[in-house]
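>>> The sequence and its predicted three-dimensional model are supplied below.
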Amino acid sequence: MQIIESILQHALTHPNKIALSDGQTQQTYWQLAQKMKKVAYGLQQIGCHNDKIAILSKNRMEFVEVFLGTIYAGCIPVPLDPKWSSNEVKVIVDKCQPKVIFAEIDYIQKNMDDFQHYSDYLFAFADDEKGSYSQWLAGLQALDTFKTNEVLFIAFTSGTTGMPKGYMRTPLSWIKSFRATIDAFQFSNMEHISAPGPFVQSLSLFALMQSLYDGATFHLFTHFDVEAVIDRCKETPDMILFVVPTMIERMLEAVTEPLPIQALISSGAKWNDASKRKAKKILGNTRLFEFYGASEASYISFYDVNDDRQSESVGKPFPGVKISIRDQNFQEVPQGEIGQLFIKSDMIFSGYFNMPEETEKVFYRGWLKMGDYAFEDEEGYLYIAGRAKNMIISGGLNIYPEEVELILKSIPEIVEVMVLGIPDPYWGEKVISLIQWKGSKHLTVEEIKTYGKRYLPSYKLPKEIVAIEQFIYTSSGKIARQKMRESLQKVKSCEMQSS
């Protein structure tokens, strides 16, 4: 059943069931379906047929209405992040050429010049102002029949190392992913779901659509507010939470008693062992899962955190996912050896938008190249060594920054860390660490090496430390590596000039 068909079915069979709740206002499935149909009617009246529709919005109910209404009209929604720079948004808008833009009023007012040629088809999320979304919607009727499109939506990666790329999702790829959720996590029920990250992040958008597809109530947050999330979980027993590790850390710091959460599902970055142990202790009977995936691949593997075996792994493949680890000649490597990870499944994306060469780079003989180095043990558990594009070659030896970061994050004095290589005449690349310290106590390079040698060979450990007051993160909660690297280059340049 198509996603739109499923929502329409819920609206007919359970019209008064709450589809969306933000803690203050609610929408039933019947109300959501009617607004979805009105948006579709309005887009068709404008003359939209198979067009791109941009949604530059924070988390709000109107985002959901427009996203679904666009799909209902047979058009393609393109979610954009208001937190992106105006240049990033402009580049993406120029690339997508959306026929209509729905945007936050604050963003429009600050960047009006960028939207001048869309003025006829630009609607602001504002309260009943002239030209606003709400005023436009009020004058529309509901469209009875919906159209289908082979592309469900186009979204843009959060860009840890550069300008975001648009990836295209098909309806079937997400329907298959919804079924994989049920098969893998075996929830006792799916009545209440939340993902407090931004909808432009694939994890939160997926959780939202999963909730609506399965007839659950999705609990919406405009932004991640740890106290608000905890309060909502207390008020709503059996919540299923999709979160990133940084959110979990904030929750564990704030919670004082076990929460009646059914399941907590972590993704977006590696969840460290110390935090997992703390979660098991504090969250009581909550089922804890970590999954490895990607915007392009959806689900790849999952790990039950309550299972103490192979805790450094990212678990075993989801049902329907095939994994292959290969060398540079596309030959499979022996079990236990590190190689590049390739996957096959019905959940993967269809390609990058208007980037055939980039698409060709990641597909090889029917396999999707993940860009990660990995290995698999004899029990079938998958381990990620690191991103191929992040790999450091120092003294002729390969070093995966993520492996080193995982060890350094276990040091109590460290809040956050990023490991990278910088050009060096002797080593080729010198390993350095950017570190955000927890308090006034800062460890020396030698102290960090002494700790690290218990787990890693010395050549993988940093030869230099740079203290960082605050890291820059992407909308999905990952360190924005390229921006941090650029920031470091500026610091190094200033040091050279001053010397």
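Arrived safely, thanks for sending. Numbering: from 1, shown residues only.

>>> could you pull out the helices for the stretch 301-450 of the chain?
Applying DSSP state H, counting those that start in this stretch to the stretch 301-450 of the chain gives helices spanning 356-362, 401-408, 445-452.

>>> After the last one, which helix or strand is next?
Beyond helix 445-452 in the direction of the C-terminus, DSSP states H and E gives the next helix or strand as strand 464-467.

>>> nearest spatial neighbour of residue 380, skipping sequence neighbours?
Setting aside the residues directly before and after it, residue 380 is nearest to residue 316 in space (Cβ to Cβ, 6 or more residues apart in numbering), at 5.2 Å. For every residue, glycine as well, the C-beta is placed using N, CA and C.

>>> and what of residue 416?
Nearest one to residue 416, counting by Cβ to Cβ, 6+ apart, is residue 436 at 4.3 Å.

>>> and that neighbour, what does it touch?
Residues near residue 436 by Cβ atoms under 8 Å, 6 or more residues apart in numbering: 414, 415, 416, 417, 467, 468, 469, 470, 471.

>>> can you redo those as CSV with pLDDT, neighbour count and distance to residue 308?
As requested, these are exported to CSV (pLDDT from 0 to 100; neighbours: other Cβ atoms under 10 Å; distance: Cβ to Cβ, whole Å):
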residue, pLDDT, neighbour count, distance to residue 308
414, 94, 18, 24
415, 92, 16, 26
416, 94, 18, 26
417, 95, 24, 25
467, 92, 10, 35
468, 91, 20, 33
469, 90, 6, 36
470, 91, 8, 34
471, 93, 19, 30
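
>>> could the residues you listed go into a markdown table alongside distance to residue 424?
Listed next are the contacts of residue 436 as a markdown table, based on distance: Cβ to Cβ, whole Å:
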| residue | distance to residue 424 |
| --- | --- |
| 414 | 24 |
| 415 | 27 |
| 416 | 24 |
| 417 | 20 |
| 467 | 20 |
| 468 | 20 |
| 469 | 25 |
| 470 | 27 |
| 471 | 23 |
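
>>> gap between stretch 2-21 and the chain center?
Centre-to-centre, stretch 2-21 and its host chain are 25 Å apart (Cα atoms, centre = their mean, to the nearest Å).

>>> Let's see the distance spanning it from one end to the other.
Terminal residues of stretch 2-21 lie 23 Å apart, using Cα to Cα, to the nearest Å.

>>> hmm, who's touching it?
1, 26-33, 36, 61, 64, 68, 71-72, 146, 148, 152, 171, 174-175, 209, 212-215, 217-220.

>>> returning to what we had before: ok, and which of the helices of the stretch 301-450 of the chain has the densest surroundings?
Mean neighbours per residue, mean count of other Cβ atoms under 10 Å, is largest over the helices of the stretch 301-450 of the chain for helix 401-408, with a mean of 21.

>>> what is the rounded mean pLDDT of that one?
Averaging pLDDT along helix 401-408 gives 91.

>>> got the CA coordinates for that helix in PDB?
C-alpha atoms of helix 401-408 as PDB (Å, rounded to 0.1, in the frame of the first residue of the first chain):
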ATOM      1  CA  PRO A 401      39.800   8.600  12.800                       C
ATOM      2  CA  GLU A 402      36.600   7.200  14.100                       C
ATOM      3  CA  GLU A 403      38.400   4.300  15.700                       C
ATOM      4  CA  VAL A 404      40.700   6.700  17.600                       C
ATOM      5  CA  GLU A 405      37.800   9.100  18.500                       C
ATOM      6  CA  LEU A 406      35.900   6.200  20.100                       C
ATOM      7  CA  ILE A 407      38.700   5.500  22.400                       C
ATOM      8  CA  LEU A 408      39.400   9.200  23.300                       C
END
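
>>> angle of that helix against helix 445-452?
In terms of direction (axes from the mean of the first three to the mean of the last three Cα atoms, to 10 degrees), helix 401-408 departs from helix 445-452 by 90 degrees.

>>> Contacts made by helix 401-408 with the rest, please.
Outside helix 401-408, the residues that reach it (Cβ under 8 Å, 6+ apart) are 270, 272, 312, 384-387, 390-392, 414, 417-421, 431, 433, 435, 448, 451-452, 455-456, 460-462.

>>> 7 Å instead?
By Cβ atoms under 7 Å, 6 or more residues apart in numbering, the list of residues contacting helix 401-408 from outside reads 270, 272, 384-387, 390, 392, 414, 417-420, 433, 448, 452, 455-456, 460-461.

>>> out of everything not next to it in sequence, what's closest to residue 246?
Using Cβ to Cβ, 6+ apart and skipping residues adjacent in sequence, the residue nearest residue 246 is residue 477, 4.9 Å away.
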